[in-house]
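the amino acid sequence is not available; the structure is as follows:
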């Protein structure tokens, strides 16, 4: 596939949050300086398109697409214990693969180019999907101490050894201790031990619900970030998902340890967990990225929707319409997302950066009139406007046609998996 | 156009909130009982489609599409006074028409079949758009006492006389006193006088911001619903938009006067106005419908998005994931919307009701797997899934092709209007 091309005359979202008309030159996996010779190569007509960096989904469980619309509108523990966990227990290697494959279709179709995934077992199947789809994935095995904790930890080590840096660097591997209520400090110390030997980073759920905080206070006399901090885990570099309920001291820990936050507004709203203080964190210089969480609590992997929710929710939460303006919301889902996943030279449209690019079709009615493309993407468009998606200089979708995945086969296999899992 | 047809084998959203496979028979403007003879007429293949009543946008300002993305992320008064009002002052009859025409394209493309509009002057232009598009519109002239209040009131009277019940009843007219801070009690009494002579109902902004309440308390020593109630306005039948900040006594007034509430979650979030206590109102039997508000504070007319926001926001607001479940969210946007607009026999898919129907294409990746179509529409789909839209038995869009409007011409004329309005 052609990895040398120009996107001509496109409205481009710049790293500083402004928009200007540009020609974007791609050579190999990079955005390069124009050489004046592009008229002879492949040209993608960028007129009436809006180019942004690829969207980064900073927290999801891709294979949970299998559970989309299976159980909704329930109390959290009913939902988890009666509906979700029993099905997850039945999932096979094949389910993990096809669930992630459908997620890959959905992500590419929605302009997502990279995602941080925590699930398992069989994360090597997700790695296979990342490889085949052309996406970037930062994968971690979900670790729960009481459910074969040592075995899972060993499997996360294997995952790292086999896949970290694979697929031309598109696959990276983190360690995925699930949460403080499933990973007590002694177990976290084991994780620290294994991860630090490899130089691996951490992806962990933190402070998602008030119940989790209360239990932690009861069990340890301290809040989750305080307990985890004492294990040394945060010294490895951490992506912390949710961060809904935070004390001032916990925010201090986040700043000191340079913890990157994955804000999941849709899931936190749907599960009634609360609201991540994204505005406050951003004001203090914390990297706040955006994630969808899994498709059973969202219920999609639509980052356009998630960007909008992040912007809208911040405003009504702070009662200030000026916070998280459109350009910042896009930055959270691109540049900050890349930082959250620990990706270098990703998330900005500028010379020398990886060519992870989405072209949004501005022809739809919801893009009229066009005073401000960034505002239109954040406050009016939907993900169906994703027209062309490029990762590492490779075109994964062009004019909404998928180039790397067989959508029909994936739908069929996925549906068979879903039917088998949910029949009694 | 054929107004006798059958939608065969479709998953149908029933008035009780459940879904079952059905054949929907349409004759003239109504859903009728099947006669067994439908194999000979037009058949719309309903397989892999989800049929819901047409969505009702219970509060908008259609022609404000012209201001979409013109000004965002600003403090409310800066936004209104520096950006929005100066442009609105320049709007001509032609702008009102083409702004509403673009809104009609957007609404049909998003599965909306009826809308409550408050704007003006020149609401007869919006009536023309309603007539031509095939939509239903409940139109009101926005009335502000200090800006030619008497003239505007006279123009609302004219609008009623000329258009109430027009276009086969698809156009209805209400009176549109803008808000308590723009319509003092003496002026509201004039509105009551004129509207009651005609038997017209009221569409009014109520309790959108805390500032509005504070000013009202300062000026009148009472809260907005209390002040307005004393004018007799609510005895006419009222659609009250926003209702974000409500005292218990105001909720009592809403119940006593059977006031229908238009909840606008997206706009209230974007402008940081606050959160309408929709869950509390619904629990007390109040008709809570859903609206987008205008495209400069939303920034679209996408009711699928608005349904989702209503469901998600209620959960995080009450910290209860069970409130406003998917089926209820759809009912709010359909049956309750029709009640909010005062429409008879609209908003339910059952024999004898008006054939206002949307077929949602369930083929997209975000509809997989398909355990629960109502949940998928509310929590996963986007409005691009609206495939076929029917109002009064007439097909306005089929397979995403518009049947009543010339989209290309509308885009061109609309863009010319927007350019003229916003050039210095």
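All right, it came through fine. Please read these numbers as outputs of a predicted model, since none were measured by experiment. Residues are numbered from 1 along each chain as shown, chains lettered A, B, ... in the order given.

show me where the stretch 51-200 of chain A has its strands.
Along the stretch 51-200 of chain A, counting by DSSP state E, counting those that start in this stretch, strands occupy A:55-60, A:112-119, A:136-143, A:171-177.

contacting residues for the closest residue to chain B within the stretch 51-200 of chain A?
Closest approach of the stretch 51-200 of chain A to chain B (Cβ to the nearest Cβ) occurs at residue A:73, with a separation of 3.7 Å. C-beta: built from backbone N, CA, C; applies to glycine. Counting by Cβ atoms under 8 Å, 6 or more residues apart in numbering or on different chains, residue A:73 makes contact with B:321, B:322, B:325, B:326, B:375.

for residue A:122, same thing?
Taking Cβ under 8 Å, 6+ apart, one finds A:92, A:93, A:96, A:97 in contact with residue A:122.

residue A:361 now?
A:48, A:49, A:367, A:385, A:386, A:387.

now the third one, nearest residue through space, not along the chain?
Nearest-residue entry for residue A:367: residue A:376, 5.2 Å, with adjacent residues in sequence omitted and distances by Cβ to Cβ, 6 or more residues apart in numbering or on different chains.

what about residue A:416, which helix or strand?
helix A:407-422 (DSSP states H and E).

three-state assignment of residue A:387?
strand (DSSP: H, G, I helix; E, B strand; the rest coil).

one more: the one 3 residues further on?
Put simply, residue A:390 is strand when judged by three-state DSSP.

any idea of the pLDDT on it?
pLDDT recorded at residue A:390 is 98.

quick one: the residue lying closest to it once chain neighbours are set aside from chain B, how far?
Distances taken as Cβ to Cβ, 6+ apart place residue A:357 nearest to residue A:390, at 4.4 Å, with adjacent residues excluded. Residue A:357 sits 21 Å away from chain B, taking Cβ to the nearest Cβ, to the nearest Å as the criterion.

hmm, residue A:357 is touching residue A:49, no?
No: Residue A:357 is beyond contact range of residue A:49, at 10.2 Å (criterion: Cβ atoms under 8 Å).

name the residues that touch stretch A:198-207?
Under the criterion Cβ under 8 Å, 6+ apart, residues A:59, A:116, A:118, A:138, A:140, A:157, A:160-161, A:164, A:173-180, A:183, A:191, A:195, A:213, A:223-225, A:228, A:233-234, A:236-246, A:250, A:342 lie in contact with stretch A:198-207.

could you give me the ChimeraX selection string for whichever of those residues are buried?
Typed into ChimeraX, the line below selects the buried ones among the contacts of stretch A:198-207, using 16 or more other Cβ atoms under 10 Å in any protein chain shown:
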select /A:59,116,118,138,140,157,160,164,173,174,175,176,177,178,179,180,183,191,195,213,223,224,225,228,233,234,236,237,238,239,240,241,242,243,244,245,246,250,342
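
helices and strands of chain A: which one bottoms out on pLDDT?
helix A:76-78 (a mean of 85; mean pLDDT, DSSP states H and E).

chain center to that one, what's the gap?
The chain centroid and the centroid of helix A:76-78 are separated by 24 Å under Cα atoms, centre = their mean, to the nearest Å.

that one near chain B anywhere?
Yes: contact of helix A:76-78 with chain B (Cβ under 8 Å from any Cβ of the partner chain) involves residue A:76.

just flag the most distant two among the contacts of residue A:122.
Of all pairs drawn from the contacts of residue A:122, the greatest distance, 9.0 Å, lies between A:92 and A:97 (Cβ to Cβ).

of those two, give the one with the bigger neighbour count.
Neighbours were counted for residue A:92 and for residue A:97 using other Cβ atoms under 10 Å in any protein chain shown; residue A:97 has more, 22 against 14.

phi and psi next, for residue A:288.
phi -110, psi 110 (degrees, to the nearest 10).

so how far is residue B:5 from residue A:279?
Separation of residue A:279 from residue B:5 (Cβ to Cβ, to the nearest Å) stands at 52 Å.

that older thread, so what sits against both of residue A:357 and residue A:49?
Taking Cβ under 8 Å, 6+ apart as the criterion, residue A:357 and residue A:49 both touch A:7, A:388.

those two: who's more crowded?
Applying other Cβ under 10 Å to residue A:357 and residue A:49 shows that residue A:357 carries more neighbours, namely 27 against 23.

around chain B, pick out the residues from the stretch 101-250 of chain A.
Within the stretch 101-250 of chain A, the positions adjacent to chain B are A:102, A:105, A:106, A:109 by Cβ under 8 Å from any Cβ.

show me the contacts for the spatially closest residue to the last one that is not a sequence neighbour.
By the measure of Cβ to Cβ, 6+ apart, the closest residue to residue A:109 outside its immediate chain neighbours is residue B:365, 5.9 Å from it. Residues near residue B:365 by Cβ under 8 Å, 6+ apart: A:102, A:105, A:106, A:109, A:407, A:411.

repeat that for 6 Å
A:105, A:106, A:109 (Cβ atoms under 6 Å, 6 or more residues apart in numbering or on different chains).

mind giving me the ChimeraX command for buried ones among the contacts of residue A:73?
The buried residues among these can be selected in ChimeraX (16+ other Cβ under 10 Å) with this line:
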select /B:321,322,325,326,375
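
near chain A too, which of the contacts of residue A:73?
Residues of the contacts of residue A:73 in contact with chain A (Cβ under 6 Å from any Cβ of the partner chain): B:321, B:322, B:325, B:375.

quick one: the third one from residue B:21, how far?
Using Cβ to Cβ, residue B:325 is found at 22 Å from residue B:21.

next step: the contacts of residue A:122 restricted to helices.
With DSSP state H as the criterion, helices contain A:93, A:96, A:97 from among the contacts of residue A:122.

just those residues now: which is nearest residue A:315?
Nearest to residue A:315 among those, with distances taken as Cβ to Cβ, is residue A:96, at 37.9 Å.

what's the burial count for the closest one?
Neighbours of residue A:96 under the rule other Cβ under 10 Å: 24.

before we move on, what about residue A:184?
Neighbours of residue A:184 (other Cβ under 10 Å): 16.

any idea how far residue A:241 is from it?
To residue A:241, residue A:184 is 19 Å away according to Cβ to Cβ.

if we can go back for a sec, so can I have CSV of the ones next to chain A among the contacts of residue A:73 showing pLDDT and secondary structure?
Formatted as CSV, these follow (pLDDT from 0 to 100; DSSP: H, G, I helix; E, B strand; the rest coil):
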residue, pLDDT, secondary structure
B:321, 97, coil
B:322, 97, coil
B:325, 98, coil
B:375, 98, helix
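
can I get those in JSON lines with distance to residue A:17?
Below are the ones next to chain A among the contacts of residue A:73 laid out as JSON lines (distance: Cβ to Cβ, whole Å):
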{"residue": "B:321", "distance to residue A:17": "35"}
{"residue": "B:322", "distance to residue A:17": "39"}
{"residue": "B:325", "distance to residue A:17": "38"}
{"residue": "B:375", "distance to residue A:17": "36"}
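
out of the strands of the stretch 51-200 of chain A, which is closest to residue A:42?
It's strand A:112-119; of those, that one is closest to residue A:42 (Cβ to Cβ) at 19.6 Å.

quick one, the closest one and strand A:136-143 angle?
Strand A:112-119 and strand A:136-143 are oriented at 10 degrees to each other (axes from the mean of the first three to the mean of the last three Cα atoms, to 10 degrees).

list the strands paired with strand A:112-119, with their directions.
Here strand A:112-119 has these sheet partners by DSSP bridges: strand A:55-60 (parallel), strand A:136-143 (parallel).

comparing the ones you listed, which comes out most buried?
Highest mean neighbour count among the strands paired with strand A:112-119 (mean count of other Cβ atoms under 10 Å in any protein chain shown): strand A:55-60, with a mean of 30.

next one: that strand to chain centre, how far?
1 Å.

which residues sit against that strand?
Outside strand A:55-60, the residues touching it (Cβ under 6 Å, 6+ apart) are A:111-112, A:114-117, A:241, A:262, A:264, A:289-294, A:303, A:333, A:337-338, A:340.
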